[in-house]
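**Student:** Show me how the following folds:
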Amino acid sequence: MPSFDVTRFLEEDEAVKGMDVPYRFGKRFDVRYTLEDGVWFDTDSGKVWCLGFYSKGAFSLNFIFDKLYLPEGSRLYIFNAEGSMVYGPVTSEQNLNRGYFLTDIIKGDNVVIYLFKPAVAKENPVLEISGVVHGYKNIFAGIFKAESGLGSSDSCEKDVACYPDWELESRAVAKTIVGGGNYLCSGALVNNTAQNYRSFFLSAFHCIDINENGAISTTEENDGRNWTFIFNYKKTTCNGSEIASFFSFNGDDIRALWHTTDFALVELSNSPLYNSCVSFLGWDRSGSTPTKGTGIHHPEGDVMKISFDKDKLKETSYGGNSGSYYWKDQIDIGTFEHGSSGSPLLDQNKRVIGQLKGGDPGCSSTKLFWHGCLYRSWTGGGTNSTRLSNWLDPCNTGQVTINTIVYPHITGPSLVCTSGGTFTLHDRPSGTGVTWSKSSNLSYVSGQGTDIYKVKAVSAYT
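**Tutor:** Residues are numbered from 1 along each chain as shown. The predicted model follows:
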């Protein structure tokens, strides 16, 4: 990739006050590479295509595909030269109708894209890379070191792993790559009254409106439909050095936007339900003044952090807004920074009441921040595309509050032999019942409770 003036970019970023713009971490280069570039070679089971990228001095690289189609059985990986990070496999399950694909961020300035096509594939893959992002800020600072330590965020930030009481809520929060691939925001999956696990994701209007002019251009709309969502990006232990197994999803549809409260509601193109690590946050649209506030977020693209305001919040105006549409808080523990934008604000009952707009970031600041009020966004601008109500209450129930849910899943042995086995239903929604069924050659052992089903085999199987 060509060189550019990193100093100028850093000076531009320093001049941005508050957090009313997403966190810019990279410089995008427009390119055009296809399967005609790179190298093909044969293997016993198919063909492999490789293409290497080097961008001198980059802390990371990520890629924008204008076209990506993978036949069944094909696998795409991206790995760095130092061998510390592998992204993938991307498979045919990730094929999107639009073909646009935004990758995760890969550590280092030297990476290789690797595509395997099996010999039995009935179709040819399609691949066109239209952008490469040179990460000129080190969002991996400290994260991959052997010793414990913080990443790129401020020293007063608190790892969410240090607060196990918030583990359930943290499962809904994701770091998002926005703005065509070189900006970062935060946001979270939210529940709806149908409780049907639709993947609605609440974030900030200004994470789409990159130039902050209050209107969405065609380019911004297209970029807003092609976010990457990275879940479970957090430490495994409090202040530890290991990162949990995180996972990402690509693509979304914009459902509703309203500049007045700075909210954006999008819906992921692919359901995250195959992964039991996700949750869907409850919310409160009553407008009652919260007695305390908590934010879970990804400051400067770092691993997940948590911030607390122990005092009563206040509804005020913000910026050029003349109405009272924002919850104002002053953080007591932790802080917010660039990249935290769009993250959920939760009340004393752990329900979402808004999303982060802006404020005074850093550890030595006033730590005053403003969050768009969810109850104001509920009716928003009065249309389906400018309000939350018809998306989060599709059944028109009139519910004022709803709780966080997770997708139920069953664990147990894949093979039941003479020793038998126990199957457990996890995360059963409240108010629901459970009915277990079995085939005729299994015997049910009673007395194990409604969520546990214990069976013993009449005969062994192979």
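**Student:** Tell me where the stretch 101-250 of the chain has strands.
**Tutor:** With strands called from DSSP state E, counting those that start in this stretch, the stretch 101-250 of the chain shows them at 101-102, 106-107, 110-118, 126-135, 158-159, 173-178, 183-189, 200-204, 228-231, 247-250.
**Student:** Which among the ones you listed is found nearest to M85?
**Tutor:** Of all the strands of the stretch 101-250 of the chain, it is strand 106-107 that lies closest to M85, at 4.8 Å by Cβ to Cβ. Glycine gets a C-beta too; all of them are placed from N, C-alpha and C.
**Student:** Rounded mean pLDDT for that closest one, please.
**Tutor:** In this model, strand 106-107 carries a mean pLDDT of 94.
**Student:** thinking again about what came up before, among the strands of the stretch 101-250 of the chain, which comes closest to S74?
**Tutor:** Closest approach to S74 among those (Cβ to Cβ): strand 110-118, 5.2 Å.
**Student:** what comes into contact with the closest one?
**Tutor:** With contacts defined as Cβ atoms under 8 Å, 6 or more residues apart in numbering, strand 110-118 is touched by 35, 38, 43, 45-54, 61, 63, 70-71, 73-82, 124-125, 127, 129.
**Student:** Pull out the buried residues from it.
**Tutor:** Neighbour-count burial for strand 110-118 flags 111, 113-117 (criterion: 16 or more other Cβ atoms under 10 Å).
**Student:** which of the contacts of strand 110-118 are buried?
**Tutor:** Taking 16+ other Cβ under 10 Å as the criterion, what is buried in those is 38, 47, 49, 51, 53, 61, 63, 70-71, 73-76, 78-80, 125, 127, 129.
**Student:** Show me which helix runs longest in this structure.
**Tutor:** helix 6-15 (DSSP state H).
**Student:** what angle sits between it and strand 126-135?
**Tutor:** In terms of direction (axes from the mean of the first three to the mean of the last three Cα atoms, to 10 degrees), helix 6-15 departs from strand 126-135 by 70 degrees.
**Student:** what stretches of the stretch 251-400 of the chain score poorly on pLDDT?
**Tutor:** For the stretch 251-400 of the chain, the stretches with pLDDT under 70 are 320-322.
**Student:** And the helices in it?
**Tutor:** For the stretch 251-400 of the chain, applying DSSP state H, counting those that start in this stretch gives helices covering 374-379, 389-392.
**Student:** Run through who's touching the shortest one.
**Tutor:** Just to be clear, that refers to helix 389-392. For helix 389-392, contacts defined as Cβ under 8 Å, 6+ apart pick out 190-193, 200, 255-256, 265, 283, 378-380, 384.
**Student:** Please save the CA atoms from it in PDB.
**Tutor:** Extracted in PDB, the C-alpha atoms of helix 389-392 (Å, rounded to 0.1, in the frame of the first residue of the first chain):
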ATOM      1  CA  SER A 389     -42.000   1.600  18.800                       C
ATOM      2  CA  ASN A 390     -43.000  -0.500  15.800                       C
ATOM      3  CA  TRP A 391     -39.700  -2.400  15.800                       C
ATOM      4  CA  LEU A 392     -39.400  -3.100  19.500                       C
END
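**Student:** Sketch out the helices for the stretch 51-200 of the chain, chain order is fine.
**Tutor:** Counting by DSSP H, counting those that start in this stretch, the helices of the stretch 51-200 of the chain are 167-170.
**Student:** Give me the below-cutoff pLDDT ranges for it.
**Tutor:** Short version for the stretch 51-200 of the chain, where the test is pLDDT under 70: 96-98, 142-151.
**Student:** closest to P408 out of the strands of the stretch 101-250 of the chain?
**Tutor:** strand 183-189 (15.8 Å).
**Student:** Pretty sure D252 sits against V266.
**Tutor:** Yes. Using Cβ atoms under 8 Å, D252 makes contact with V266 at a distance of 4.2 Å.
**Student:** what's the overlap in contacts for those two?
**Tutor:** With Cβ under 8 Å, 6+ apart as the test, D252 and V266 both reach 201, 224-225, 227.
**Student:** From the residues you listed, pick the one nearest G412.
**Tutor:** Using Cβ to Cβ, the shared contacts of D252 and V266 come closest to G412 at F201, 31.3 Å.
**Student:** Quickly list what the residue positioned nearest the centre of the chain is bridged to.
**Tutor:** Centroid-nearest residue in the chain: A174, 2.5 Å away (criterion: Cα atoms, centre = their mean). Using DSSP bridges, the bridge partners assigned to A174 are G187, F231.
**Student:** how close does it sit to T261?
**Tutor:** 21 Å (Cβ to Cβ, to the nearest Å).
**Student:** same thing with E337?
**Tutor:** From E337 to T261 the distance is 21 Å (Cβ to Cβ).
**Student:** now swap in H134 and tell me
**Tutor:** Separation of H134 from T261 (Cβ to Cβ): 34 Å.
**Student:** Filter the buried ones among the contacts of strand 110-118 down to the ones in strands?
**Tutor:** Mapping those onto strands (DSSP state E) picks out 47, 49, 51, 53, 61, 63, 75-76, 78-80, 127, 129.
**Student:** for those, which one is nearest G240?
**Tutor:** Checking these against G240 with Cβ to Cβ, the nearest one is N80 at 22.4 Å.
**Student:** OK, contacts around the closest one?
**Tutor:** 106-108, 110-111.
**Student:** Without its sequence neighbours, what residue ends up closest to it?
**Tutor:** Nearest residue to N80, sequence neighbours excluded (Cβ to Cβ, 6 or more residues apart in numbering): G108, at 3.9 Å.
**Student:** what about the one you found, how many neighbours?
**Tutor:** 20 (other Cβ atoms under 10 Å).
**Student:** OK, contacts around it?
**Tutor:** 58-61, 80-82, 84-85 are the contacts of G108 under Cβ under 8 Å, 6+ apart.
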